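Q: quick one, what's the 3D model for this:
(chains A, B and C)
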Amino acid sequence: MSDGPRTVLVADDDEDILQLVSFRLERAGYTVVTASDGQQALAAAREHKPDLAVLDVMMPGLNGYEVTRQLRDDEATAAIPVILLTARVQEADVSRGFEAGADDYLRKPFSPQELRSRVQAILARRSVR
Amino acid sequence: MIRDVIEAFGVVVIAYFAVLNLLYIAFTALAWRSITRYLHSLEYAAIDEALASPLTPPISILLPGYNEEAGIVQSVHALLQLRFPEFEVIAINDGSKDSTLQQLHDAFDLVEAPRALRGTVAHAPIRGTYRSPRHPELLVVDKENGGKADALNAGVDAARYPYVCAVDADAIIEPEALLRVAKPLLDDPDLVVATGGIVRIANGCTVEDGRVTEVRLPKNRLATLQVVEYFRAFLVGRVGWSQLHALLIISGAFGLFRRSTVEAVGGWDHTTVGEDMELVVRMHRHMRESGQEYRVQFVPDPVCWTEAPETLKVLSRQRRRWQRGLFETLWRHKRMTLNPRYGALGMLAMPYFIVFELLGPPIALLGYLVLPISWALGLLSWPFVLAFFVFAVMLGQLLSISALALEEFSFRRHPRGREILRMSAYAAIENLGYRQLTDLWRGVAFWDLIRGKKSWGDMQRRGFQTAPSDQLSNSS
Amino acid sequence: MIDALQLLGGALSVLAVATMVVLVARRVALSRTERRRAALEHELTPLALELVDGEEPELGRLSAAQERALAAILGRYARKLRGEPRDRIAAFFEERGAVRRELGQLRSRRSAKRATAAFALGDMGALSTVDALIGALDDRARDVRSAAARSLGMLEAEAAVPRLVESLAGSEVPRAIAGGALLAMGSKAAPGLRSLLDAPDPGVRANAIELLGFTGDATDADALDKALREDHAIAASSWGEHAEVRAAAARALGRIGTRRAAAGLRGALNDPAPFVRTAAAHALGRIGDRDAFDALVRQASDDMYDPAQAAAQALAAIDPMKAMRLGGVEGASAHLAEAAALAELEPA
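A: Residues are numbered from 1 along each chain as shown, chains lettered A, B, ... in the order given. Got it, this is the predicted structure:
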C-alpha cells in the first residue's frame, strides 16, 4: 500500500456519527470518505479502495453485516479491514459480525478516541504483514 | 298517510345526522387529546432507543403471498431490514400459480429444512419448509392454496415467537414501525393482545429498495381523496375507538397479535372477506367472555404504506368488499350488540357500526330517493333542503380539515408545504361528491347482500388479488 | 330555522377556512424556523466538534439563539458518545449554567416543563443532578418519571438502580424505558441489582435477576443458582407466581454463560412450569453442557412445544454432529428433525 494518507470509509445513517468520526479521524491524519447507507458504502468502497471501513450495523438498505459480507465476496475489496459500529449488546450479534468477516467491533455510544486507536491498531497490524 | 311517513322519515334523517355528527365531533376531540399525549410520551422517552433493547419480546412476522412473484423478494428483503432486536420472517407461499416460490429460492438460496409445527390452528396442508443459510431469521413455508386467512394460520402454526405480526405482501413497513407498534406490549405485556398502526397511501411517494424515501401527494385525484379520507379514518376514528377500548379493526396490512390469543380463538377465519376485522372482534369477544382484562390498541405513528386504487372501478370493488366484510363480521357477532357484558364494545362500537357504517349508506340512498317523491307531493321546502345540505357539507368539511390539522400538528409526514392547500381542497371535495359516491357503492353492496343471501354461508375461496388490504370506513 | 342553518353553515365554513389559514401560516413559520435552525447548526457544528474533541474553542459571546442551537447539537452528540468527550459536554453545560436552569425547571408546576427538564438533564450528563432525577421518579406525571428514568440510565447512576427496578416492577415507568435505562448502565448496574436478589416482592426479584443476566458476571452464578433452587422450597401453592423468578434466573445463567450452575439448570428441566423448562434448556444450550444431553433429548422428544423446541435447539448447540444424527433418524421428534436441519445449515 502507498505511504500517502490512509483512507478510511465511514458509513452510518446518523449524520452526527459521521461528523464525530470524520472529525476525529481527519485530525489524526486520515482521509475520510463517508456514506449514509449500505449501498453507498459498497459503491464508495469499490471506488475509493479505502484502507479500512467503519460500518454501522443498522443501516437502511443493506445492513453492516451484509456490506461486510459483500466486501469480502468481491476480490477487489476483500482485503479491506472492517470495524462494525453496533448499538446492540447481545453476544449473538457480535459473533454474527465476526462471521460476516469483520475485524473488530465497537459498541455505541462510543468514544471517537477509542475508535481512532482501533483504526490505528488494525492498520499497523496490516502494514507489518 | 304517505305524507306522515315521509315527514317521519325527515325527522329520522335529521336526528340521525345530528347524532352521527355529534359523535364525529366527540371523536375528533378525543383523538386530539390522545395523540397529544402520545406525542409527549414519545418526546420525553427517546422510545426508539429504549425499545431496541433485548428486553423487547421477539416477534414472528407473517408474510402471506399468492402470485406475488413480482414483489415477494423485495418485500422479504425489506422486512429482514426492519429495526427490531429479535424477530423472524415467515414468508408463506399460498399455493401460488406463478414463480413466487422459485423467486424466493433464487434470491435466498433456500434449503429444505423441516420445521416443527404447533398444531394449534387448522390450515391447508404444508408442502415444505425452507430456510436460507445467509438469513437464519427467514423461514419460507410452501403450502397448498387456502386464501390469505389460511396462509396466516399456517404462519401461526410455524411461528416460534410469542407475538405474530401479519403483513401484506404489497405493503411497505417503515423500518421503525415494528418497534413502535410493539410499544404497548412492552408497557403492558400482560394486557395487550393486539395492536395496529396507521395505513398511509404510497401513491405519489418515491419508493426505493422497498422503502418510502420521499412523501408526496399522489398525482391521481382519486388517490389524493383517499389520503385525506385515511387521515379521518385513522387519526380520528381508530385513535378514538382505541381510547374507548373498543377498537374493532386492525388493518390486515399491518397488525400485531399475541400468538396464544390468536390460537385460543382458532386463528383467522377463511370464510369471510373481512378476516382482519373478524379476528379482532373474535379476540375481543373471547377475552370478554373469559373475563380476562386485556387491551386492543391503536398506535398512531408506526406507518404501513399501501397502494390505493386509482380508478373508480377498482375503488368501487374495494369498498363493496369492505362493506361485505363489515356485514359478515357484524352478523356473525350480532349477539354482542347492546350486551353490557361486552362493555363499550357491545354498547357503543357494535351499535355504531351497525347503525352508521352498515345502515348509513342505504339510509342515505333512501334519502336521495325520498327527495324527489316528497318534491312531487309538494312536501318539500327547497330553501330548507338547500340550507340543510349546505350545512351538512360545511360540517363535513370542517371535520375533514380538523383531521388534516391533527396530522399537521402531530406527524406532519407530508413535507411539502404547498401540499397542505391541495389537501385542504381535497378535504372539501371529499364531502361533496366523493362521500356520496362511496355511500352509493356501499349501499349497492348492501343490496347485493340482501339479494344473494344464500351465498353467505359458502363463500368461495379467493386469491389475494381480491383480499382486503384494509378495512376502512368514514370515521373508523 | 332556515336562517339558523344558514348562519351555522356560514360560521362553519368560516371556521374551516380559518383552520386552513392557520395550517398554512404555521407551515410557513415552521419552515422559516427550521431554515434558521439549520443555518445556525451548520455554523456551530465545527465549534461543537472541536469542543467535544477537547480543543477548548473560543466560545466568547453567543447569542441566545446560538446558545440554544449549540446546546441542541451537544445534546444529540451526548447520546452517542461515551468517555472523555461525554464529560466535556457535561462540563460545558455546567459552566454555561444550563444544568442549574434545568434543575429549576424540574420544580416547575407544568408537567411538560418538568418532563423536558428531566429529559435534557440526561443529555447534559452532569452527575450532580442524579439526586434530583431520582426524586423525579416519584413525580405525579408518567412522562416526567419516564424522562427521569431514561436520563438516569444515560448518567449511569448506580445509586438509582434499586429505585428504577422498583418503578419497573410496579409499572410506574414503562418497562422498555426503565429496563433500557438499566441496560444502558451496563456493569455499573450490577451491584444495585445484586442487592435486590433478596427483595420480598417476587416481581422485583424477577426483574432484577433478568437484568443481572445482561449486566452481571460469573461471580453472580452462585446467587442466581440459589434463586433458581430456593423457589423450589416455597409452598407448592405459590410455585406459579415464583416461576417467573426461576425462569429469569435460568435465562440469566445462560446469558452469563458460566458452567458453575449447570447442575441447577439440569434440575430446572424438571420444573412444573413449562416456561422455566424452556428457559433452562436454552441456558444449557448456551453454556454447552454435555451432561444435560440425555435429559434434553427426552425433553425434545416428549415435552410441550416450547420446551421441546428449546431442548432441541440446545442439543444442536451442544453437539451439532450428534444432534444431526439424532434428528436424521426415521421417527425422530419434529423438534429434533428441525434442530438437525438447522445444525446442518450452520457454517461449522
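Q: quick one: contacts for the residue of the stretch 151-300 of chain B found nearest chain A?
A: Per Cβ to the nearest Cβ, residue B:209 is where the stretch 151-300 of chain B lies closest to chain A, at 5.3 Å. For glycine as for every other residue, the C-beta is placed from the backbone atoms N, C-alpha and C. By Cβ atoms under 8 Å, 6 or more residues apart in numbering or on different chains, the residues touching residue B:209 are A:39, A:61, B:74, B:77, B:78.
Q: now, these that are in helices?
A: If you go by DSSP state H, the contacts of residue B:209 have A:39, B:74, B:77, B:78 in helices.
Q: got a winner among those for most neighbours?
A: Neighbour counts for the ones in helices among the contacts of residue B:209 (other Cβ atoms under 10 Å in any protein chain shown) peak at residue B:78, which has 23 neighbours.
Q: mind pulling up the pLDDT for that residue?
A: Note on residue B:78: pLDDT of 90.
Q: could you show me where the strands are in chain A, in order?
A: All strands of chain A, identified by DSSP state E, fall at A:7-11, A:31-35, A:52-56, A:82-86, A:104-107.
Q: and the third one, how far out from the chain middle?
A: Averaging C-alpha positions (Cα atoms, centre = their mean, to the nearest Å) puts strand A:52-56 1 Å from its chain's average.
Q: list of residues touching it?
A: Contact with strand A:52-56 is made by A:6, A:8-14, A:17, A:21, A:41, A:45, A:64, A:67-68, A:71, A:80-86, A:102, A:115, A:119, A:122-123, as judged by Cβ under 8 Å, 6+ apart.
Q: ok, residue B:88 to residue B:136 distance?
A: Distance check for residue B:88 against residue B:136: by Cβ to Cβ, to the nearest Å, it reads 9 Å.
Q: what do you get for residue B:256?
A: Distance from residue B:256 to residue B:136, by Cβ to Cβ: 22 Å.
Q: between the two, who's got more neighbours?
A: Taking neighbours as other Cβ under 10 Å, residue B:256 and residue B:136 compare with residue B:256 leading, 26 against 14.
Q: and the residue of the stretch 1-150 of chain C found nearest chain A, how far from residue A:24?
A: Of all residues in the stretch 1-150 of chain C, the one sitting closest to chain A is residue C:83 (3.7 Å; Cβ to the nearest Cβ). To residue A:24, residue C:83 is 12 Å away according to Cβ to Cβ.
Q: overlap of the contact sets of these two?
A: Shared contacts of residue C:83 and residue A:24, defined by Cβ under 8 Å, 6+ apart, comprise residue A:113.
Q: quick one: which of the two has more around it?
A: Per other Cβ under 10 Å, whichever of residue C:83 and residue A:24 has more neighbours is residue A:24, with 22 against 13.
Q: got a list of what that one touches?
A: Contact analysis of residue A:24 by Cβ under 8 Å, 6+ apart lists A:112, A:113, A:115, A:116, C:53.
Q: next one: it from chain B, what distance?
A: Distance, residue A:24 to chain B, using Cβ to the nearest Cβ, to the nearest Å: 23 Å.
Q: residue C:28 reaches residue B:421, doesn't it?
A: No - using Cβ atoms under 8 Å, residue C:28 makes no contact with residue B:421, being 11.6 Å away.
Q: phi, psi of residue B:380?
A: Phi and psi for residue B:380, reported as degrees, to the nearest 10, are phi -100, psi 130.
Q: from chain C, how far out is it?
A: Counting by Cβ to the nearest Cβ, the gap from residue B:380 to chain C is 13 Å.
Q: gap between the closest residue to that residue other than its chain neighbours and residue B:10?
A: Closest residue in space to residue B:380, ignoring its immediate chain neighbours: residue B:374 at 4.8 Å, by Cβ to Cβ, 6 or more residues apart in numbering or on different chains. For residue B:374, the distance to residue B:10 equals 8 Å [Cβ to Cβ].
Q: go on, residue A:101?
A: 77 Å.
Q: now do the contacts for residue C:218.
A: By Cβ under 8 Å, 6+ apart, residue C:218 lies in contact with C:256, C:258, C:260.
Q: quick check: which element contains residue C:283?
A: helix C:274-287 (DSSP states H and E).
Q: ok, residues contacting that helix?
A: For helix C:274-287, the surrounding residues in contact (Cβ under 8 Å, 6+ apart) are C:243, C:246-248, C:250-251, C:253-255, C:257-259, C:262, C:265-266, C:268-271, C:292, C:296, C:299, C:303-304, C:306-307, C:309-311, C:313-318.
Q: what of stretch B:3-22?
A: B:355-356, B:360, B:363, B:366-367, B:370, B:373-374, B:377, B:379, B:388, B:392, B:395, B:399.
Q: returning to what we had before: just send the contacts of residue B:209 back as CSV, with distance to residue C:121 too.
A: Shown next, in CSV, are the contacts of residue B:209 (distance: Cβ to Cβ, whole Å):
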residue, distance to residue C:121
A:39, 39
A:61, 36
B:74, 44
B:77, 41
B:78, 38
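Q: nearest to residue C:185 among those residues?
A: For those, the residue nearest residue C:185 by Cβ to Cβ is residue A:61; the value is 32.5 Å.
Q: pLDDT wise, what is the residue of the stretch 151-300 of chain B closest to chain A at?
A: At residue B:209, the predicted lDDT confidence score is 77.
Q: from residue B:75, how far out is it?
A: Here residue B:209 is placed at a distance of 11 Å from residue B:75 (Cβ to Cβ).
Q: one more: residue B:56?
A: Separation of residue B:56 from residue B:75 (Cβ to Cβ): 23 Å.
Q: what of residue B:204?
A: Distance, residue B:204 to residue B:75, by Cβ to Cβ: 20 Å.
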